[in-house]
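# curious how this folds, go ahead:
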Amino acid sequence: DLHSFPTRRSSDLEICGYSEIAAGSARMMGIKLSQNFDRQFSAVSVQKLMRRWHMTLTSWFTDYVYIPLGGNRKGKARQGLNVLIDYVLCGLWHGANWTFVLWGLYIWFFMFIEGLVKKPIRNLCSKKNFNLDHPVIVVFRRVVVFVITIFSTFFFRAESITQVGEIYKQFFTTFGFSASYFNATLNSLGMKVIDIIEIALILGVMYKLYDLAYDTS
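Alright, predicted model coming up:
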């Protein structure tokens, strides 16, 4: 049952992986399980990503935390507070550590900013005849959301707030684009360039076959 969540601290990619294995295996036996992830890394906004991420958990917090607090029925300020409480508690569900509280605050911050600028940006683009849904712009938006999400994963791997700061420091001070940097990165992972190509091809095939597990026909 996909509603039975793991108790160990797993990454979202791990949870997504075995959720899809469970869904695909069950479908082969004629059983349709609840969809738990929906290609969240192709989302064009943080809000949409969170609606596609850990969908059963998100649904539970929506039904038992967000809506009872008032949802969006008591004004924008109260809605922002409700979302904040919702994601802080969601962070604590992953583990009793301040790093998970910071994760909740981090996600809430970007969702809050999106909520503030979404309508003004849409109106401005409409006046300037700028298409936000142009394929090139969509790819750019996906990349931005993906980068924001990647930075949020640091909170999951760090054991303390101090370690979060150290991770960010190392990331911005030691990152490079030289061939030696990437070779060292691949060596640390025990991988070669051909392995990256194979993974990319496999992910491409998986992306195309994804809908089969949830095909309603």
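# give me the three-state assignment for residue 22.
Here residue 22 is recorded as helix under DSSP: H, G, I helix; E, B strand; the rest coil.
# so where's this protein uncertain?
Along the chain, segments meeting pLDDT under 70 span 1-17, 174-178, 207-208, 210-217.
# isn't residue 159 right next to residue 100, touching?
No. Using Cβ atoms under 8 Å, residue 159 is not in contact with residue 100, being 11.3 Å away. Yep, even glycine has a C-beta here, placed from its N, CA and C like the rest.
# the more surrounded of the two?
residue 100 (21 against 9; other Cβ atoms under 10 Å).
# buried residues in the top helix by length along the chain?
As assigned by DSSP state H, the longest helix anywhere in the chain is helix 98-127. Buried positions in helix 98-127, judged by neighbour count with 16 or more other Cβ atoms under 10 Å: 99-104, 106-108, 110-112, 115.
# just the angle between the following helix or strand past it and helix 98-127, please?
Note on helix 98-127: by DSSP states H and E, the next helix or strand toward the C-terminus is helix 135-152. Computed by axes from the mean of the first three to the mean of the last three Cα atoms, to 10 degrees, the angle separating helix 135-152 from helix 98-127 equals 160 degrees.
# what segments of this protein are helices?
Under DSSP H, the chain gives helices at 12-28, 46-52, 55-61, 76-94, 98-127, 135-152, 154-157, 161-174, 179-188, 193-209.
# which one of the ones you listed lies closest to residue 34?
helix 55-61 (5.5 Å; Cβ to Cβ).
# and that closest one, what does it pack onto?
Judged by 3 or more Cβ pairs under 8 Å, 6 or more residues apart in numbering; DSSP states H and E, helix 55-61 is in contact with helix 76-94.
# show me what the helix it packs on is packed against.
Looks like helix 76-94 contacts helix 55-61, helix 98-127 (3+ Cβ pairs under 8 Å, 6+ apart).
# now with 10 Å?
helix 46-52, helix 55-61, helix 98-127, helix 154-157 (3 or more Cβ pairs under 10 Å, 6 or more residues apart in numbering; DSSP states H and E).
# minimum distance to residue 80: which of those helices has it?
Using Cβ to Cβ, the nearest of the helices and strands packed on helix 76-94 to residue 80 is helix 98-127, at 5.7 Å.
# now distance to residue 167 too, for the helices and strands packed on helix 76-94, in JSON lines please.
As requested, the helices and strands packed on helix 76-94 are exported to JSON lines (distance: least, Cβ to Cβ, whole Å):
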{"stretch": "helix 46-52", "distance to residue 167": "20"}
{"stretch": "helix 55-61", "distance to residue 167": "25"}
{"stretch": "helix 98-127", "distance to residue 167": "10"}
{"stretch": "helix 154-157", "distance to residue 167": "5"}
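# quick one: closest of these to residue 79.
helix 98-127 (8.3 Å).
# compute the inter-axis angle for that closest one and helix 76-94.
Going by the same axes, to 10 degrees, helix 98-127 makes 140 degrees with helix 76-94.
# helix 98-127 vs helix 161-174, what angle?
Using the same axes, to 10 degrees: helix 98-127 against helix 161-174 is 50 degrees.
# quick one: helix 98-127 to chain centroid distance?
14 Å (Cα atoms, centre = their mean, to the nearest Å).
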